[in-house]
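Student: just coords:
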């Protein structure tokens, strides 16, 4: 479990993921209003961003990817509350769509159009912080994973249910 300090991993081809992508894991944000944006995971280098998943101060999930010009996509009705464990996931189908999931359920907004093909980044994967800014996560991250494929909604639900059964997390809803 990662707690309030952040971590960086070596920049590798495996971490690049420029095609379809799924990011999923558990987060517990101490206070969503602590920073305007709190990074869950990113590989941003300031110009090209293969992926960046964060929580906004209004509790929305925020996903960004870019090749020079960012494409920012946020969740709709699903809000990440302060002080509670939530299973979050984002699924990107390059050039087609981005979908958010909270506690195994698809965000009410559904698939959103995503037109950008992300660029490669020389920076390492950053979990819980962003090297280029002060977008640090005030909270906890656990069981975070990145797939180089777009998982289905039933696979996302399976990830949520598998972890929830371990009774490690107390989840509402």
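Tutor: In hand now; what should we look at? Note that the structure is predicted; figures quoted are calculated from it, not measured.

Student: for the protein, which spans come out with low pLDDT?
Tutor: Scanning the chain for pLDDT under 70 picks out the ranges 1-16, 76-78, 110-111, 132, 164-173.

Student: what do you get if the cut-off is 50, keeping everything else the same?
Tutor: Scanning the chain for pLDDT under 50 picks out the ranges 1-4, 8, 10-14, 167, 171-173.

Student: hey, where'd the strands end up in it?
Tutor: 2-3, 7-9, 21-29, 37-42, 48-56, 61-67, 69-74, 85-93, 97-102, 105-106, 112-113, 125-127, 139-147 (DSSP state E).

Student: Residue nearest the middle of the protein, spatially speaking?
Tutor: residue 53 (3.2 Å; C-alpha atoms, centre = their mean).

Student: Next, count neighbours for residue 59.
Tutor: 16 (other C-beta atoms under 10 Å). Heads up, the C-betas are built off the backbone N, CA and C, glycines and all.

Student: Let me know the distance separating it from residue 84.
Tutor: Noted for residue 59: a distance of 11 Å to residue 84, by C-beta to C-beta, to the nearest Å.

Student: ok, now residue 31?
Tutor: 12 Å.

Student: what do you get for residue 75?
Tutor: From residue 75 over to residue 84 (counting by C-beta to C-beta), the distance is 16 Å.

Student: Looking at these two, which is more packed in?
Tutor: Comparing residue 75 with residue 84 by other C-beta under 10 Å, the one with more neighbours is residue 75, at 25 against 13.

Student: May I see the buried residues of the lengthiest helix in the chain?
Tutor: When the chain is parsed with DSSP state H, its longest helix is helix 153-165. Judged by neighbour count (16 or more other C-beta atoms under 10 Å), helix 153-165 contains these buried residues: 155-157, 159-160, 163-164.

Student: ok, now stretch 40-56?
Tutor: Neighbour-count burial for stretch 40-56 [16+ other C-beta under 10 Å]: 40-45, 48-56.

Student: end to end, how far does that stretch reach?
Tutor: Across stretch 40-56, the terminal residues are separated by 11 Å (C-alpha to C-alpha, to the nearest Å).

Student: Check the offset of it from the chain's centre.
Tutor: Centroid separation for stretch 40-56 versus its chain: 9 Å, with C-alpha atoms, centre = their mean, to the nearest Å.

Student: Check stretch 89-109 too.
Tutor: From the chain centre to the centre of stretch 89-109 is a distance of 10 Å (C-alpha atoms, centre = their mean).

Student: residues contacting residue 39?
Tutor: By C-beta atoms under 8 Å, 6 or more residues apart in numbering, the residues touching residue 39 are 52-54, 126, 128-130, 135-137.

Student: Check residue 153 too.
Tutor: Residue 153 neighbours (C-beta under 8 Å, 6+ apart): 99, 101, 106.
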